[in-house]
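Novice: curious how this folds, go ahead:
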Amino acid sequence: MRTVVVEVDGFTWNIAEAGDAGRPAVVLCHGFPGLGYSYRHQVSALAAAGYRAIAPDMPGYGGTDRPTSIDEFTNAVVADRLVGLLDALGIERAVLVGHDFGAPATWTAALRHRSRVAGLVLLAVPYAPDPLPARPTELYAAMARRHFLHLHYFQDPGVAEHELDARPREFLQRLFHALSGRYRYLDIWQHPSDGNGYLDVLPEAPDLPWDWLSEDELDHYARVFARTGFGGGLSWYRAYDANWEAVAGSEPALLEVPTLFVAGANDPVITMSGPHALERMRQTVPDLRGVHLLDGAGHFVQMERARRVDELLVDFVAEVFSTQDISPDTPFR
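Specialist: Below is the predicted model:
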């Protein structure tokens, strides 16, 4: 992968990419606590298959700008920034891939800029057009009265930063393990909120290397977050209410682009959302090309099952571009 810095209307993106500039493009958007580096396997696989793969550090992360206003982290603002990035890179339209927070950012781009999105791959988070019945922070506060909930703990600026920025490598290793297919993340709900930080409730992690994460790879994450801190990533959690306000009271929107969904079968997002979330996605995504739950994998499916995700992604991208009369041998105008 090569690293490129791109400025769009005064906003600086840091991106990792591979493949020729004239090839059909795939833009891969990570979530918390990720980096463009989280897609290192997929970037290589896509480039080898003849595509241009682009994995930005999302706003708040790595070498990309970290706005101070929470409003800058809403799905709508990020989606518009992604389209501005396409413009700056000379890309007419692209397949967008979104994991974790990257999923709603990419589907918002597909809803707001339909002509720019050739297809969509959602990792871990199924399309959810129905707003929560109440303001998210109110719901999270009520849940936190019964057990520790990171969604609530992350809301107060400075609290989680003070804890996590002091021990970035330990936090990353323990969270990667807790959300993996080797641990049942919901076990941390046995802990009360009072008196506990996130590191107090996360399990101890086994020594590296794991079958999907090496010492060197974790070192890369740790170096970056030791430099930047976690505040930019935590801002995405603090934008929940603003995102809710943007859709509350509106009719659920159909996601009318070719879409693929891939998740780990042991992902706590799938466990908590239940089968009704997948069924609801089938109702609201008319061109849903597949739903794949990968056995034994947890939340970071693109790393835990990299080879299978690579295969599914390359096949989907080839199908989408071929049906839209774009092949790896036909560059964008």
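Novice: could you say what helices and strands the host helix or strand of residue 269 packs with?
Specialist: Element membership of residue 269, judged by DSSP states H and E, is helix 268-273. For helix 268-273, the elements it packs on are strand 259-264, judged by 3 or more CB pairs under 8 Å, 6 or more residues apart in numbering; DSSP states H and E. For every residue, glycine as well, the C-beta is placed using N, CA and C.
Novice: and the spatially closest residue to residue 64 that is not a sequence neighbour, what pLDDT?
Specialist: With sequence-adjacent residues excluded and distances taken as CB to CB, 6 or more residues apart in numbering, residue 64 is closest to residue 57, at 4.1 Å. Confidence at residue 57, expressed as pLDDT, is 98.
Novice: check whether residue 57 really touches residue 36, as I assumed.
Specialist: Yes. With contact defined as CB atoms under 8 Å, residue 57 reaches residue 36; the gap is 4.9 Å.
Novice: related to what we said a few turns ago, averaged pLDDT, the helix holding residue 269. What do you get?
Specialist: In the prediction, helix 268-273 has an average pLDDT of 91.
Novice: and it, how far out from the chain middle?
Specialist: Chain-centre distance of helix 268-273: 15 Å, with CA atoms, centre = their mean, to the nearest Å.
Novice: list the helices and strands whichever helix or strand comes after it packs on?
Specialist: Per DSSP H and E, helix 268-273 leads on to helix 275-284 as the next helix or strand towards the C-terminus. Applying 3+ CB pairs under 8 Å, 6+ apart, one finds that helix 275-284 contacts strand 288-294.
Novice: and the helix or strand just after the strand it packs on, average pLDDT?
Specialist: Using DSSP H and E, the helix or strand that follows strand 288-294 towards the C-terminus is helix 301-304. Averaging pLDDT along helix 301-304 yields 98.
Novice: re earlier: hey, what's in contact with both of residue 57 and residue 36?
Specialist: 14, 15, 30 (CB atoms under 8 Å, 6 or more residues apart in numbering).
Novice: quick check: of these, which has the highest neighbour count?
Specialist: residue 30 (28 neighbours; other CB atoms under 10 Å).
Novice: who's in contact with residue 179?
Specialist: Counting by CB under 8 Å, 6+ apart, residue 179 has contacts 185, 267, 268, 298, 299, 300.
Novice: give the contact list for the first one.
Specialist: If I follow you right, that is residue 185. Under the criterion of CB under 8 Å, 6+ apart, the neighbours of residue 185 are 178, 179, 268, 271, 298, 299.
Novice: please apply the same query to residue 244.
Specialist: For residue 244, the contacting residues are 131, 132, 135, 136, by CB under 8 Å, 6+ apart.
Novice: pretty sure the first one is in a helix, no?
Specialist: No. Residue state for residue 131 (DSSP: H, G, I helix; E, B strand; the rest coil) corresponds to coil; a helix is not indicated.
Novice: i'd like the first residue to be 842 from this point on
Specialist: Sure, I'll start counting at 842 from here, so that last one is residue 972.
Novice: let me know whether it touches residue 1089 as I believe.
Specialist: Yes. Residue 972 lies in contact with residue 1089 (CB under 8 Å); the separation is 4.9 Å.
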